[in-house]
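Student: When you get a sec, could you give me coordinates for this:
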Amino acid sequence: MATLEIRDLHVSVEDKEILRGVDLTVKAGETHAIMGPNGSGKSTLAYAIAGHPKYTVTGGEVLLDGESVLEMSVDARARAGLFLAMQYPVEVPGVSVSNFLRTAVTAVRGEAPKLRDFAKEMRSAMAELQIDPAFAQRNLNEGFSGGEKKRHEILQMEMLKPKVAVLDETDSGLDIDALKVVSEGVNRFRSGDTGVLLITHYTRILRYVKPDFVHVFAAGRIVEQGGPELAELLETEGYEKFTKAGASA
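Tutor: As a prediction, the model looks like this:
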C-alpha cells in the first residue's frame, strides 16, 4: 500500500526559492488535487518529486514507502513506482510510441515483456483511451495535438502501473470529449493500491475525477486544505483571498 510523504519541502530554481515548506501525504487509494494560480509552485512540486535537474531541493524530504526519493536517480524513482504526466511532453523524433512504451515497461518491470503479450496489452489500453492503433507507429509526441499528448501520458500511466501518479495539468488544452476520456483513464488507474496527485488550475476535471482532498497553493506553500467542497468554493470565489494569505505568511 503505497504512501508518498512530502515533509517541509523547500525548492529553488536558479537560487530563487519557489517552494517554502510543503507538507503533504498521499496514501494508497487517495486522490489529492493541488490547485492554485499561476506561479504558486504547483508544477515545481511535480518536477521536484520527479527529479528534474532544474529544481534544487534545499530542504525537507520526499519519501515513497519510507525510502528517500531525493537520493534516487530519475530512472530509479520511476522504477520505485513514481510517475509524472508532464504539462508539456517533449517530442522525441525517431522513437515510435510503441518502442518507447516497450522500453519503459521493460525498465520498470525489470524484464522485457513478450512482444505478443505487450502488443495485446498496448492495443487494449489504447482502445480504452480511444486512440487509433496507427498511433503506435508515430514518433513520440511529434506532431501530436494537445489532446493526443495527454492521452499518451495516460496510456503510459496505464501501461507502467506506478504506485503514485503525479499529473501536472493533464486537463490543459483538452476539449470536453478528450477530457472525459482522459478522466476515465485516471479513474481506471486509481484504486486501493495506488495514489494520485492531480495538479490543476480549474475545477472542470474534478467533475469527472473526484478528489478526496483539495490543497490550495499560494506563494510556494499550502495555504488551505479541505475536501471536494473546497474546489467548489474556489470555483465561485477564486484564488484572491488565498493568494493574499500566502503572501502574508
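
Student: Can you get me the start-to-end distance on stretch 126-135?
Tutor: End-to-end distance for stretch 126-135: 9 Å, by CA to CA, to the nearest Å.

Student: List of residues touching that stretch?
Tutor: 97, 123, 136, 148, 151-152, 154-155, 158, 181-182, 184-185, 188 (CB atoms under 8 Å, 6 or more residues apart in numbering). (C-beta placed from N, C-alpha, C; glycine too.)

Student: Would you show me how to pick out the buried ones of the residues you listed in ChimeraX?
Tutor: Per 16 or more other CB atoms under 10 Å, the buried members of these correspond to this ChimeraX selection:
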select :97,136,148,151,152,154,155,158,181,182,184,185
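
Student: pLDDT added to the contacts of stretch 126-135, as a markdown table?
Tutor: Conversion of these to a markdown table gives the following (pLDDT from 0 to 100):
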| residue | pLDDT |
| --- | --- |
| Val97 | 96 |
| Arg123 | 96 |
| Ala136 | 95 |
| Glu148 | 90 |
| Arg151 | 92 |
| His152 | 93 |
| Ile154 | 95 |
| Leu155 | 95 |
| Glu158 | 94 |
| Val181 | 93 |
| Val182 | 93 |
| Glu184 | 94 |
| Gly185 | 94 |
| Arg188 | 93 |
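
Student: and which of the contacts of stretch 126-135 is nearest Gly226?
Tutor: Val182 (24.6 Å; CB to CB).

Student: what's the distance between stretch 170-189 and the middle of its chain?
Tutor: How far stretch 170-189 lies from its chain's middle: 13 Å, per CA atoms, centre = their mean, to the nearest Å.
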